[in-house]
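J.: Sequence and predicted structure are below.
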Amino acid sequence: MQIATWNVNGLRARIDYVTHWLNARQPDVVGLQELKMADDLFPHDVFKELGYSALTHGQKAWNGVAVLSKEPVELVQAGLPGQEDFGARLITVRVGDIDFTTVYCPNGKRLEHEDYGRKLAWFDRLIEHLSETSAEDRAAVLCGDFNICPAPIDSHDEEGLAGAIFHTDAERERMQKLYGLGFTDVYRALHPESNAFSWWDYRAGAFQRNHGLRIDFVLATPAAMARVAGAQIDRDYRKKKEGLTASDHAPVIVELSTPHALGQL
């Protein structure tokens, strides 16, 4: 079965594109980010027609996260405790015996902006929250838009961007701390030499020139990692489809194919 993460960059503007992808790929569980939509406006009926139920943590015009699932889901946590003022950026659900969290991590804007310090503080609270709530032996997935390039290979221009936003030592230290909690970057574990990206700016032909960043991840605990059979960045869905404009992010898809896959629990 397939789990996925995708920053859709505005669900209202992208709903037809998202349904196109769901019909084509048929993922079982999806974490969505940057909905830019309040909960009462979320198009549950659209997804229900496609076979998905949804749990959401949205807000008007900005941020917002959701989980789509073909399987029954139970809400565990909506919002990162202590960081509510920074917007709707985290939702955790239980699907079968897996804890599934999707996050839309702060961008930080630029190093001299106050949001950069707030971004680091948000990550510190995320790490603290996960250390408090994660059981060592549970299968858990943490996915989303992290707005960090963890290593030089994850940037199209590490030399030129070293020390800039997404590329700072402080941001990368936060990713290392997440790994220290027991999470593995699934795509990187399966594709250690791949210089592939998940985000490309709309401007300056960045996608066509492959001037991108890998900032969208599926992270898995050992119990979840043991079920992983494959991982891909769905680059084809960063392209226009039937006149529909894509998000500036591509979905990241992970295949689980063990006897205890989510759909068999």
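T.: Thanks, I have the structure now. Since we're looking at a predicted model, the values are computed, not measured. Numbering: from 1, shown residues only.

J.: how near is the residue nearest to Arg238 when sequence neighbours are not counted to Val8?
T.: Leaving out its chain neighbours, the residue that sits closest to Arg238 by C-beta to C-beta, 6 or more residues apart in numbering is Ala250, at 4.2 Å. Just so you know, the C-beta spots here come from the backbone N, C-alpha and C atoms, and that holds for glycine as well. Ala250 sits 11 Å away from Val8, taking C-beta to C-beta, to the nearest Å as the criterion.

J.: for Leu80, same thing?
T.: 20 Å.

J.: circling back: so what's the residue nearest to Arg238 up against?
T.: Trp6, Phe197, Ser198, Trp199, Asp216, Ile233, Asp234, Arg235, Tyr237, Arg238 (C-beta atoms under 8 Å, 6 or more residues apart in numbering).

J.: Now the helix or strand encompassing Val141: average pLDDT?
T.: Using DSSP states H and E, Val141 sits within strand 139-145. Averaged across strand 139-145, the pLDDT comes to 98.

J.: helices or strands next to the helix or strand following that strand in the packing?
T.: Downstream of strand 139-145, the first helix or strand assigned by DSSP H and E is helix 158-161. Contacts defined by 3 or more C-beta pairs under 8 Å, 6 or more residues apart in numbering; DSSP states H and E place helix 158-161 against no helix or strand at all.

J.: ok now helix 158-161, how far from the chain's centre?
T.: Helix 158-161 has its average C-alpha position 24 Å from the chain's average C-alpha position, going by C-alpha atoms, centre = their mean, to the nearest Å.

J.: For that helix, buried residues please.
T.: By 16 or more other C-beta atoms under 10 Å, the buried positions in helix 158-161 come out as Leu161.

J.: Use 745 as the first number from now on
T.: That works, and once the first residue is 745, the last one we named lands at helix 902-905.

J.: now what about it, what contacts it?
T.: Residues from elsewhere that reach helix 902-905 (C-beta under 8 Å, 6+ apart): Cys893, Pro896, Ser899, His911.

J.: Show me which of these is closest to Gly949.
T.: Of all the contacts of helix 902-905, Gly949 sits closest to Ser899, with 17.6 Å by C-beta to C-beta.

J.: So that closest one is in contact with Ala908, correct?
T.: No - counting by C-beta atoms under 8 Å, Ser899 sits too far from Ala908 to count as a contact (9.4 Å).
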